[in-house]
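Trainee: Provided below are the primary sequence and the corresponding predicted coordinates.
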Amino acid sequence: MADEVLYRMEGRTAVITLNRPDARNAVNGALATGLHESIEKFEADDEARVAILTGTGQAFCAGMDLKAFSSGEAGGVVQPKGGFAGFVTYPRTKPVIGAINGFALAGGCEIALSCDFLVAAESATFGLPEPMRGLFAAAGGVFRLPRAMFPRKALEMILTAERIDAAEAHRVGLVNHVVADGDLLAKALEIAEKIAKNAPLSIKASLELARLSQDLTEEELWKRNNHFSGTVNTSKDAMEGAMAFVEKREPVWKGE
């Protein structure tokens, strides 16, 4: 795996770190390849129940590396599987928490929006400044931002290219928690461990249906809901959860 992205395990949580601090973790081909490989590794590891995505240094991600783009060296920024940065359209089945330190701008904001929810350091800043450079936020930001926060505020951000800080991002519903910079990873790990304690089949099904909640009709959602109810609630893990409750012990999930 490329040095541009670091991967390590903390218990049942994969910590994935964008690692181009001198470039504010801007996305070039190497970083996109490394992030794609990290997500592939995370998805394939049954012991990894949840991931945290964060950045090294003073920024989460400042977006696409415009120097590489302008010099024609941006090959690989969009991956065949995963799209921009190998991440924004990756068909994940497990939750990823964005731990946002410093700038999350342009493509960096779109990477953050691709996470399932966000914890932000007080220093975090969010924005889609593409119109200031004659560009279009093509990695999902234009439609994901209005879904993630107050729609009218999102539209204002998109059209003015203005940034918001962590406190405002929390107020408008973009981020779940704001913590001191030094507490960011600890808070994300705390939440990740709560998720990891739960049954993986239930988490997978719940995540999939929740993601579809704004895209499908009520009828279609009920069909999916009933399918998941039938498969999850009759699983071996469902029986294990009931037995563990009766026996007053922690359940041992098998993902079956």
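Mentor: Happy to help now that I have it.
Trainee: which SSE is Asn225 in?
Mentor: Using DSSP states H and E, the element containing Asn225 is helix 218-232.
Trainee: measure the nearest residue to Gly82 once chain neighbours are set aside to Ser38 for me?
Mentor: Distances taken as C-beta to C-beta, 6 or more residues apart in numbering put Tyr90 closest to Gly82, at 3.8 Å, once the chain neighbours are dropped. Heads up, the C-betas are built off the backbone N, CA and C, glycines and all. Tyr90 sits at a distance of 10 Å from Ser38 (criterion: C-beta to C-beta, to the nearest Å).
Trainee: repeat for Lys153
Mentor: 32 Å.
Trainee: Comparing those two, which shows the higher neighbour count?
Mentor: Ser38 (24 against 17; other C-beta atoms under 10 Å).
Trainee: so that one touches Met9, yeah?
Mentor: No. Between Ser38 and Met9 there is no contact under C-beta atoms under 8 Å: 11.7 Å.
Trainee: Not counting its neighbours along the chain, what's nearest the residue nearest in space to the middle of the chain?
Mentor: Geometric centre of the chain, nearest residue: Cys115, 1.7 Å, by C-alpha atoms, centre = their mean. In space, Cys115 comes closest to Gly98 once its chain neighbours are excluded; the distance is 3.5 Å by C-beta to C-beta, 6+ apart.
Trainee: which residues pair with the one you found across the strands?
Mentor: In this entry, Gly98 is beta-bridged to Leu53, Leu118, by DSSP bridges.
Trainee: check contacts around it.
Mentor: With contact taken as C-beta atoms under 8 Å, 6 or more residues apart in numbering, Gly98 is in contact with Ile52, Leu53, Thr54, Phe60, Ala104, Ile111, Ala112, Cys115, Phe117, Leu118, Val119.
Trainee: I'd like the distance between it and Asp46.
Mentor: For Gly98 relative to Asp46 (C-beta to C-beta), the value is 23 Å.
Trainee: Gly34 reaches Thr17, doesn't it?
Mentor: No. Between Gly34 and Thr17 there is no contact under C-beta under 8 Å: 10.0 Å.
Trainee: Compute the number of surrounding residues for Arg144.
Mentor: For Arg144, using other C-beta under 10 Å, the count is 18.
Trainee: List the buried residues of stretch 202-212.
Mentor: Residues Ser202, Ile203, Lys204, Ala205, Leu207 are the ones in stretch 202-212 that count as buried (16 or more other C-beta atoms under 10 Å).
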